[in-house]
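A.B. asks: quick one, structure for this:
(2 chains)
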Amino acid sequence: MNERRERSVACAFCSCCCTDLELVYQDRCIKSVKPACSIAGREFSAGESDPPSLKRGGVVISGQKGLQTICAELRAAKLPLILIGGGISLESQRSAVLLAKKLGACADTPASCQSLAFARAFAESGIPMLTLGELRDRVDTVVFWNTDQNQIHPRFWERFIGVNRPPRIISVNFEIPEQIPDSCLHISLDMQQMLAHLIQLRLVLRNETQQVSPVLREMLATLRDAHCGCMIFGESLLESGYGVLFEAFRFIQELNDIDKGRWFGLMLDGEVNSAAAADVLSLETGYPAAVRFIKDEAEFSTTEWSAKRLIQRGETDLVLQVGQIDARIQKEIENHITNYTGKMKYMVLDSKTPLIQPSTWLPVRRFGLDEGGTAMRMDGLPIPIQPVQESRKIGLAEALTRLIEGVEP
Amino acid sequence: MICLRGGKLIDPLNHRDGVVDDIWIQDGRIVAAPENVDHADAIDASSWLVTPGGIEIHSHIVGTQMATARSFSLEENTTSPRLLMTPAEINRAYLKMGYTTVFDAAMSPLMSRIAHTDLDRMMGLDRGAYTLVSDQSCVLKAIKNKNSEELKHTLAWLLECTRGYALKLVNPGVGLTWRALSAIGSLDDPLADTQLTQREIILALAEAAQSMGLPHPIHLHASNLGQPGNWKSFCQTVKALEGLPAHFCHIQFYCYGKDDKGRMRSAAEEVVEIISDNPKLTFDAGEIVFGPAMAMTCDLQLIEWLHRMGSGKWTGRLLEGEGGMGLLPLQYAKKDPSSAVQWATGLELLLRFPDPERLFLTTDYPNGGPFTDYPRIIAWLMDAELRQRMLAQVHPAARTRCGLEKIEREYSLFEVVQMTSAGPAKALGLQDRGHLGIGAQADIRCYQPQSDKEAMFSNPVLVIKGGDIAIREGEYYSRDNGRLLAVQPAWDRERLPAIQRQLQESTSLDPRFYGLSDKHQIPNLEIIPCK
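C.D. replies: Residues are numbered from 1 along each chain as shown, chains lettered A, B, ... in the order given. So this is what the prediction gives:
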């Protein structure tokens, strides 16, 4: 049997984007991968299987005929909506925007699912950020806010926290992994009260009150002692709304303004390129979400053109989902389909079986496995991804290119 | 073949100032008038001024910082025209203004893949980017080792793996010192971690760029930008080069003195006196225009200083093995004394400096405002009366603390072309651009003469890029024939494993993923030869 090794392989199955993997092939199949986490182990060994069928009557299509079907539907639609998700390459995300432009369609990204809460908090406060190498080498105090990185980023700890010297750790509402030293300060805060806690921390920091719980006082003392600190925000905190995010970002800025140390923030994405979709749309149009193309110009309006609104009001007659999107938006789609069967078509271009029932699904190659492109690491570093196996399926980039050509009037 | 018939040529590098002649174009180049012509598309240029295409030497137009900046000004940037344009909009805006070659001012090696995907969206222009090297860990190690060969090979590798055009220095060592909670004081203060001084870094890189024969020398953002009284430290940096060639960027921001009450004043006169005698140095202005702007820089010390001075929100990103980048929204207001002094200082600098082939027009976009305001600045330079009218509208500090009011000089068209085309081409080592001679690339802008110079320079009647019509009477026809300009100095590839080992100490990436990967395809790449 033919055994072959491929070193320095990059992983695109979470936004850590590890670049140190070694794949062992037997004949043409991936036999093993190391030092893989549970996600990479599962995804790299998935191989290529025949596309599964959809339950409850949707259609699985493939190849040229499938593309023709989607093309015809797109051309016939009055107001199509292109939903650009994660788990696909930046290049495919860009092609999806170009497709929307060609169609005069609406385009939206996961950023609008939270009513642009993160984008607005960021725009109003700003936040200093850092790359993961700086986190590894320089940071002496780390605060994990509602992170579940052990589940969604299994190697994050091993690669980026305390590799050379262990930092002080404060964990807020997260399950402590075994590696964390006993000295870690673990804090449980009621998520419903998170806004109040953050406001209180800021008031104490500014000497505007002394009334604070002992645990928050201890936390603040540790933060103020840091030379270089980083607050890491998990997805659940990112979903908690504008107010919490704004207070958290202001808290970081005020630590920098009032104390000597330097503090940074880092957002933990789940799916690779999920947050990057907003950057890609912004690059092409100037706006991160909720855009409609009218005569090649992009019009931005969260009240008019966000996916949620368009679907809730039944104003779009065709949703084309490219990549993986927020579960809540999928729920909206499902509700709409249930309520208004037949009025809105829901088509999916993705490698994974959609969570809810689309009317049409064209399975494509899996980014990071049989499709290459660029992945954006959670700290914003671009990582080139090469395909590691062959596939009979059509690639997403190719499919989108053909759709763009196909919808030409 | 195209023939531009009977235009008035403004072509400083060929000493033609208003000479009436035809320009013949074939295969993207300017050619001699043929003896026999079977067919040529003749364009009547007899009422036009015909000049070489504009060349932008310093503008922040691509990369992660632009994407972050757009998000950072989500609301402000919804108005039209917006400050922070998309790459496609930048492409059009430059071409519409008659600019045909554009360089991004600062490309992080770590983020170069993003910069190049943005540059790929500007296919109507010839474009390039300067690679940031002054805080890069392998570069600093080579300087620390005092090994000039190691340094040159490291720099050549960096330029190649980022497809860069020149070496960019930003307040050298600022990333190190900012991380270490300190600030850069003088040229000879030892910097955190390395104990190198800024003088050592600047000299080593200037010598390396010269010895490598790079077409453009080091492109230097000096220290103490924006601070009242900084003209002295700026002139010290100029003198520290000891006669080596260099380009100093956005120098308006370094022309500040203090008046007897400690307030910011123009020191343009003092700076011009020091810098004008050194023919190996070139400069760009970094003029400001009133309205919204965005501080976008790798100088984190500057961003922090602006924030502490009360300029409001900021964001940034610390980059492993390099410096970092920061953003801070700005607003230049006519009635604000500092803004007024900055505006007047920039014009004073441009008007006092005697040689427009060595001091070029920029706004350090978006730091000083949009590049689309160049025509307005040109109009002020060409018309003393217009300047006086503007002076009357702005805060009196522009008159009392600057020398602009008494300057009568008015730029000629010839000088405007020197400043926006011929000079930048020479400084960048682009021999086939910036002029209309035989063999030059056919990058041409034509104007209908009019008394309103702002209107005239805003709307060239015809822009030709690489021999093809890109803009005609304001309409966009570009065939996206622009090229990516890069350099490729030779280097010893056997040194790569050693470089990669060093890189691994300061970054969390496998070194093979640093910069652009080997497989990254650059469309229409043009390698500009080293001397």
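
A.B. asks: where does the stretch 1-150 of chain A have low pLDDT?
C.D. replies: Flagging of the stretch 1-150 of chain A using pLDDT under 70 yields the residue ranges A:1, A:48-57, A:114-115, A:149.

A.B. asks: enumerate the residues of it near chain B.
C.D. replies: Selection of the stretch 1-150 of chain A residues close to chain B by Cβ under 8 Å from any Cβ of the partner chain yields A:8, A:10, A:19-20, A:90, A:116, A:119-120, A:122-134, A:136-138. C-beta here means a position set from N, CA and C on the backbone, and glycine is covered the same way.

A.B. asks: at 10 Å what do you get?
C.D. replies: In this structure, the stretch 1-150 of chain A approaches chain B at residues A:7-10, A:16-21, A:90-91, A:94, A:111, A:116, A:118-120, A:122-138, judged by Cβ under 10 Å from any Cβ of the partner chain.

A.B. asks: count the neighbours of residue A:248 for me.
C.D. replies: 25 (other Cβ atoms under 10 Å in any protein chain shown).

A.B. asks: is it correct that it is in contact with residue A:265?
C.D. replies: Yes - the pair residue A:248 / residue A:265 is scored as a contact, 7.6 Å apart, by Cβ atoms under 10 Å.

A.B. asks: ok so, going back, could you flag which of the residues of the stretch 1-150 of chain A next to chain B are buried?
C.D. replies: By the neighbour-count criterion of 16 or more other Cβ atoms under 10 Å in any protein chain shown, the residues of the stretch 1-150 of chain A next to chain B include these buried positions: A:9-10, A:16-21, A:90-91, A:94, A:111, A:116, A:118-120, A:122-138.

A.B. asks: in strands, which of those appear?
C.D. replies: Secondary-structure check on those using DSSP state E: residues within strands are A:9, A:21, A:128, A:129, A:130.

A.B. asks: list the contacts for the spatially closest residue to the first one that is not a sequence neighbour?
C.D. replies: Spelled out, that is residue A:9. Nearest non-adjacent residue to residue A:9, counting by Cβ to Cβ, 6 or more residues apart in numbering or on different chains: residue A:21, 4.3 Å away. Contacts were defined as Cβ atoms under 10 Å, 6 or more residues apart in numbering or on different chains; by that measure residue A:21 touches A:6-11, A:33-37, A:40, A:44, A:388, B:510.

A.B. asks: just the ones in strands from these, please.
C.D. replies: Taking DSSP E as the definition of strands, the contacts of residue A:21 contribute A:6, A:7, A:8, A:9, A:33, A:34.

A.B. asks: closest to the centroid, which residue in the chain?
C.D. replies: This is for chain A. residue A:274 (2.5 Å; Cα atoms, centre = their mean).

A.B. asks: not quite, I wanted chain B
C.D. replies: Nearest to the mean C-alpha position of chain B, counting by Cα atoms, centre = their mean, stands residue B:58 at 0.9 Å.

A.B. asks: for that one, phi and psi?
C.D. replies: When read as degrees, to the nearest 10, the backbone of residue B:58 gives phi -160, psi 110.

A.B. asks: ok, it to residue A:212 distance?
C.D. replies: With distances taken as Cβ to Cβ, to the nearest Å, residue B:58 is found 49 Å from residue A:212.

A.B. asks: next, the buried residues of the one helix or strand residue A:308 maps to.
C.D. replies: Applying DSSP states H and E as the criterion places residue A:308 in helix A:307-312. In terms of neighbour count (16+ other Cβ under 10 Å), helix A:307-312 has its buried residues at A:307, A:308, A:309, A:310, A:311.

A.B. asks: could those residues go into JSON lines alongside pLDDT and distance to chain B?
C.D. replies: As requested, these are arranged in JSON lines below (pLDDT from 0 to 100; distance: Cβ to the nearest Cβ, whole Å):
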{"residue": "A:307", "pLDDT": "90", "distance to chain B": "18"}
{"residue": "A:308", "pLDDT": "86", "distance to chain B": "18"}
{"residue": "A:309", "pLDDT": "88", "distance to chain B": "18"}
{"residue": "A:310", "pLDDT": "91", "distance to chain B": "19"}
{"residue": "A:311", "pLDDT": "88", "distance to chain B": "23"}
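
A.B. asks: residue ranges for the strands of the stretch 301-450 of chain B, please.
C.D. replies: Assigned strands in the stretch 301-450 of chain B, in chain order: B:315-318, B:324-332, B:359-360, B:444-447 (criterion: DSSP state E, counting those that start in this stretch).

A.B. asks: residue A:285: which of the ones you listed is closest?
C.D. replies: strand B:324-332 (19.8 Å; Cβ to Cβ).

A.B. asks: gap between that closest one and the chain center?
C.D. replies: For strand B:324-332, the distance between its averaged C-alpha position and the chain's averaged C-alpha position is 17 Å (Cα atoms, centre = their mean, to the nearest Å).

A.B. asks: quickly run through the sheet partners of it, with directions.
C.D. replies: Note on strand B:324-332: by DSSP bridges, its sheet partners are strand B:291-297 (antiparallel), strand B:315-318 (antiparallel).

A.B. asks: with just CA atoms, put the longest helix belonging to chain A into PDB.
C.D. replies: Looking only at chain A and at elements set by DSSP state H, the helix with the highest residue count is helix A:242-258. Written as PDB, here are the backbone C-alpha positions of helix A:242-258 (Å, rounded to 0.1, in the frame of the first residue of the first chain):
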ATOM      1  CA  TYR A 242     -25.500  45.800  21.900                       C
ATOM      2  CA  GLY A 243     -25.600  47.000  25.600                       C
ATOM      3  CA  VAL A 244     -23.400  44.300  27.000                       C
ATOM      4  CA  LEU A 245     -20.900  44.500  24.100                       C
ATOM      5  CA  PHE A 246     -20.700  48.200  24.300                       C
ATOM      6  CA  GLU A 247     -20.000  48.100  28.100                       C
ATOM      7  CA  ALA A 248     -17.500  45.400  27.700                       C
ATOM      8  CA  PHE A 249     -15.600  47.300  25.000                       C
ATOM      9  CA  ARG A 250     -15.700  50.500  27.100                       C
ATOM     10  CA  PHE A 251     -14.400  48.600  30.100                       C
ATOM     11  CA  ILE A 252     -11.400  47.600  28.100                       C
ATOM     12  CA  GLN A 253     -10.800  51.100  26.800                       C
ATOM     13  CA  GLU A 254     -11.100  52.600  30.300                       C
ATOM     14  CA  LEU A 255      -8.600  50.100  31.700                       C
ATOM     15  CA  ASN A 256      -6.200  51.400  29.100                       C
ATOM     16  CA  ASP A 257      -7.000  55.000  29.800                       C
ATOM     17  CA  ILE A 258      -6.900  54.800  33.600                       C
END
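
A.B. asks: cool, thanks, talk later.
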